[in-house]
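Trainee: I'll drop the sequence and a predicted model, then ask my questions.
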Amino acid sequence: MVFNTATVGTAVTPAVIQTFFSHYLNRRPLAQKPTAHISYDEGLHLIRKFLLYASNHTVEDIQRFTSQWVPHPTWVKVDEIKIPDEYLVKSAEAIQEQLGHRGIEKVGGKIWWQWRRLQSEVKAEWIEMKADYQERKRANDLGTRVMLYVHGGAYFFGSVDEHRYQMQRHARKLKARVFAPRYRLAPQFPFPCGLHDCLAAYLYLLTLQDPSTIILAGDSAGGGMVLSMMVTMRDQGIPLPAGAILLSPWVDLTHSFPSVSEDNPLDYIPPHGFHQRPSASWPPPNSDDMLAIEEEIVKKLAHQQHNSFPQENEADAVQGFHVNYHPAAGTHDDTAATGIATSDAAGPTANTVPGPGHDLSIMIDGNLVEVKDQIQMYTTNQLISHPLVSPVLQPSLGGLPPLLIMVGGGEMLRDEQIYVAHKAANPAKYPPGDAFLDEAPHDHNRSQINRWKPTDVQLQVWEDLCHVAPTLSFTRPAKYMYRSVAQFGAWALARAQETEIEILDDDDVSVISRSESDEEEDTPVEKKGTIAVQHDGIQVGKAGDPLPAFKNHMIRQRVDRHGRIYELEPASQLPGCKLSPSEIGVIKEGPVKKWMAAKREWDTKFASAKRKIQKKRASEMAKGYQQFGSGEVPPPSALAGRRKRGESLVEPKKSRSMGMSLWALWGSKHDETTIEREKEHDKEPETSVASSMDGAGARGLHDKANNSKKSLERPGAGSRSRSRRRMVADEHQTDVPVNIDENTSAAELPTIRSRQSEASDDYQEPSFMATESAMTETHPAILVHSPTNEDRPPSEQEGDDFDRKRPRAGGIAFPFTLKNHEASASMITLTSTAGVSPAEELGIPESK
């Protein structure tokens, strides 16, 4: 069946019409929900129907459709560039170091994932408002605001073209340049192919920009990718960016959190996962298929007549799982805890913990279900628990730059996102299970837990919103989310650069289309389980508003669809945070049952097509594929391992998509209207500023004895400028005095600060990290102590060369290593304006 604009339009149009009539005929169930807005309701149902329709087509079909060329608006400047090969080499070296010897064995080698098709280069797009570009050129300014954005799409579909309408909104709101890499997609290019491309793009970007001018951002799978990128940078001494923004990040591919098992009617993600019509790319041969193929090859080579690997019948040959109705007595599910009796019943355990050397299995209704087919397209079932695939299983997410994690309260993946936010802010409290920590003891996983200082995290749970709600950029909830992203991004950049950042304040000229369903009373509604904060009615995400103070390294907010902030429940009341470490990364009955039901339907519906593809694969394997050499075993889905002898695979050409163009046009309409209104109201704007000395833990506004910056006036507390530009600066939100929390206003902080001579962080740091801070109260100088082996406790002096050569200050490990770190001189001064070039440290030539 053809998969194009016409067929997609025919499939989704009935859902659009049905949603329209249902929306107005059944208003009561929609009350106080995001779906009360007709635009949001229509967008949600449209995406849901599109994904359902796409599941009846092949992986190649949906990839081709979502990667088609989409024109950009005339007011947006887009430039495509190639990432030079030298950065691909550097990226590969960093990933190999991060994987380690055991990790390289798990992924099947260190060469195959660097292969790409002929005429296939790693490219990236620069996306910027044309007006901002012209302004930069007049000032001969390279720019101090860059957002590297990694698009989502479950790692197997989507593209920069498809996501550009969202990226241009981020560029406009933040007045930044967006840098978007076109990375390779699974299942043809599984883990770590995409990570390799995205990290190479960042390494290239470091030759053009100082890391203090870069923030990372990603949605869904892109959010998980960004987190894995930063962990790799942290561990390998690559300079970290100023901050990162994770929009509904997918961080647990094992689906071990409770929300995945629940019904999620407010989300569009298929509850049973992604299933596609069989093709050469998906599903790949499972272990039974591979054994049968190998047996048949041996049979033909030996010219012997004997039975091939037993298959009960044709139905069993295409079945993606096997049910053992008579398992051994006492069989029970395993957990991620080791050395502990996990069940009162004696007997064998089901393989519910992903790992090499065995297929996944789980007890369901007294039967042992063996999962044969690959579940996730990004990687094999054995690798879905790898910490670079599921960052929720990293030993520690500390030591990273400030994070904004935005969660849809109605989305299927909400629990893992809430958990990962708390894990980053409190690494010692949320370690992975013993099975994962002890899997590779030579990697020192346990020592990693307390190595890094907690990461500062702003967590926003947006009530009832779907997965990556900014996708519906034409809706009012998305409007507030984009503002919140710009607010955090500006703060992170200002903090890293120690300056003020001017961003767009378009409240006067930005108009989201309204309808009768939008005309609702704006008075806050008391919500069960939440407490309205003292600033009742304040809209979060208002561009330029100061961030509140961090408490225990977190800003924890619940936000409604109108942008109003409520206090988020304590972690002890959040389902995701209550999950035992022994249950995280372990497959669960609920998601597996949903997957089985859909798998049975798809395997039956497409049995003939799947069997035909299996036989074709067997024939190709008998003839032989091109090899990479000893030790290189690409996963079954990898195109690198399916190259026929004498065949050269070429990157397919893109065509223009009318459907994607219309969707992008719909998503861009608000930006276009806003720009037109800006022109109508074009005049010299008044500016309001947020002083760098205002904010949590900061000195008083006029207490500038040790500050060389000129004094900046700002409006009174609580006032809102009606200008179109707004200045944002770091208000020392992370330097938290005692007795304040995330609900303390910026106006109150100078008074609190004046009463407390020393700022204190009541977060309990690991004891060995409680070193004397080399930071001074005067900026921009930073004193960095490079610890020698003699400075360390005896227990830490042996075998940790990596930690010795990373300088620390105030318990924070800086994101680079020092050359000649064994020299006796241990004090080095860095300044924010003339410091050691990160490009020089990487061995990358400076751009001129």
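Mentor: All right, it came through fine. Source: prediction; values computed, not measured.
Trainee: C-alpha only now, for contacts and for neighbours.
Mentor: Fine.
Trainee: Which residue ranges of the stretch 1-150 of the chain form helices?
Mentor: 5-25, 38-54, 59-66, 85-107, 130-138 (DSSP state H, counting those that start in this stretch).
Trainee: Which among these is found nearest to residue 358?
Mentor: Of all the helices of the stretch 1-150 of the chain, it is helix 85-107 that lies closest to residue 358, at 12.6 Å by Cα to Cα.
Trainee: Just the CA coordinates for the closest one, please, in CSV.
Mentor: C-alpha atoms of helix 85-107 as CSV (Å, rounded to 0.1, in the frame of the first residue of the first chain):
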residue,chain,number,x,y,z
ASP,A,85,35.3,13.4,9.1
GLU,A,86,37.9,14.3,11.7
TYR,A,87,35.1,14.9,14.3
LEU,A,88,33.5,11.5,13.5
VAL,A,89,36.9,10.0,14.3
LYS,A,90,37.1,11.9,17.6
SER,A,91,33.6,11.0,18.4
ALA,A,92,34.2,7.3,17.8
GLU,A,93,37.3,7.4,20.0
ALA,A,94,35.3,9.0,22.9
ILE,A,95,32.5,6.4,22.6
GLN,A,96,34.9,3.5,22.5
GLU,A,97,36.5,4.8,25.7
GLN,A,98,33.1,5.2,27.3
LEU,A,99,32.0,1.7,26.3
GLY,A,100,35.1,0.1,27.5
HIS,A,101,36.3,-3.4,26.4
ARG,A,102,33.3,-5.2,27.7
GLY,A,103,30.9,-2.6,26.2
ILE,A,104,32.5,-2.9,22.8
GLU,A,105,31.9,-6.7,22.9
LYS,A,106,28.3,-6.1,23.8
VAL,A,107,27.6,-3.8,20.8
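Trainee: Just the buried residues of it, please?
Mentor: 87-88, 90-92, 94-96, 98-99, 103-104, 106-107 (16 or more other Cα atoms under 10 Å).
Trainee: now for those, which pair is the farthest apart?
Mentor: Maximum pairwise distance among the buried residues of helix 85-107 (Cα to Cα): 24.0 Å, between 87 and 106.
Trainee: so residue 371 makes contact with residue 360?
Mentor: Yes. Residue 371 is within contact range of residue 360, at 5.3 Å (criterion: Cα atoms under 8 Å).
Trainee: returning to what we had before: could you export the buried residues of helix 85-107 as TSV, including distance to residue 470 and pLDDT?
Mentor: Below are the buried residues of helix 85-107 laid out as TSV (distance: Cα to Cα, whole Å; pLDDT from 0 to 100):
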residue	distance to residue 470	pLDDT
87	31	98
88	31	97
90	33	97
91	30	98
92	32	97
94	32	97
95	31	97
96	34	97
98	32	95
99	33	95
103	35	93
104	36	95
106	36	93
107	34	95
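Trainee: could these go into JSON lines alongside distance to residue 630?
Mentor: Shown next, in JSON lines, are the buried residues of helix 85-107 (distance: Cα to Cα, whole Å):
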{"residue": "87", "distance to residue 630": "25"}
{"residue": "88", "distance to residue 630": "22"}
{"residue": "90", "distance to residue 630": "23"}
{"residue": "91", "distance to residue 630": "22"}
{"residue": "92", "distance to residue 630": "18"}
{"residue": "94", "distance to residue 630": "22"}
{"residue": "95", "distance to residue 630": "20"}
{"residue": "96", "distance to residue 630": "17"}
{"residue": "98", "distance to residue 630": "21"}
{"residue": "99", "distance to residue 630": "18"}
{"residue": "103", "distance to residue 630": "16"}
{"residue": "104", "distance to residue 630": "13"}
{"residue": "106", "distance to residue 630": "15"}
{"residue": "107", "distance to residue 630": "14"}
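Trainee: Many thanks, we can stop here.
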